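Student: what follows is a predicted structure for the sequence shown.
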Amino acid sequence: METKTVKMVITGPYASGKTEFIRSISEIDVVSTDTPVSKDTYEATIKSETTVAMDFGRITIDDELVLYLFGTPGQRRFDFMWEILAEGMLGFVVMVDSTKPETFREAKAILETFRAYAPTPYVVAANKQDMEDAWPADDLRIALRIDEDVKLLPCVARDKEKVKAVLLELLYSILEELDA
């Protein structure tokens, strides 16, 4: 019996939770290309490191199925990596920081960019739903102008069960499309 691999891309704006999402679920130490953020930049006010190429994690579902997770850099200056990482993906997750409405337009643009790379299934993860100022998923759907048929799922990137729920929704969509 041959093991099937499913490549999933985790994308979204800067500091939306992509690296944390992968770290919380990966069965291997995440291969990460994080580098310190320059002290005198806006980004340094948000976090101390940024992904410059990709994050990589793996999850073995069973003897027949393994998921490979590729996290994209969130800063536009590294967007040349997006198309490279999108190659061969069977689906993608768009992470949105539900507490930062100033990033919603960027999240929508990233979603459209990845849809243009490949017509694969995708889900939107409304991250940081454990925070008091998080936008509810229904409000986020309106703000992002996301169709009702697109799965927009509440998420907390540090919570393995929430991450698993997001990935399972995407996996079901991928397997449904592969069987069609």
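Tutor: Everything's here; your move. Owing to the predicted nature of the structure, the values given are computational and were not obtained by experimental measurement.

Student: how about low-confidence regions in the protein?
Tutor: Low-confidence segments of the chain, defined by pLDDT under 70: 33-53, 180.

Student: which parts of it are strands?
Tutor: 4-11, 31-36, 49-62, 65-71, 91-97, 122-127, 152-154 (DSSP state E).

Student: and the helix ranked longest in the chain, what does it pack onto?
Tutor: Counting by DSSP state H, the longest helix found in the chain is helix 160-179. If you count contacts as 3 or more C-beta pairs under 8 Å, 6 or more residues apart in numbering; DSSP states H and E, helix 160-179 packs onto strand 4-11, helix 18-25, strand 65-71, strand 91-97, strand 122-127, strand 152-154. The C-beta positions use only the backbone N, C-alpha and C, and glycine is treated the same way.

Student: can we see that at 10 Å?
Tutor: Judged by 3 or more C-beta pairs under 10 Å, 6 or more residues apart in numbering; DSSP states H and E, the packing partners of helix 160-179 are strand 4-11, helix 18-25, strand 49-62, strand 65-71, strand 91-97, strand 122-127, strand 152-154.

Student: tabulate the strands of the chain in TSV, adding columns for distance to Lys164 and mean neighbour count.
Tutor: Formatted as TSV, these follow (distance: least, C-beta to C-beta, whole Å; neighbours: other C-beta atoms under 10 Å):
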stretch	distance to Lys164	mean neighbour count
strand 4-11	13	21
strand 31-36	20	14
strand 49-62	9	18
strand 65-71	11	21
strand 91-97	12	28
strand 122-127	12	26
strand 152-154	11	19
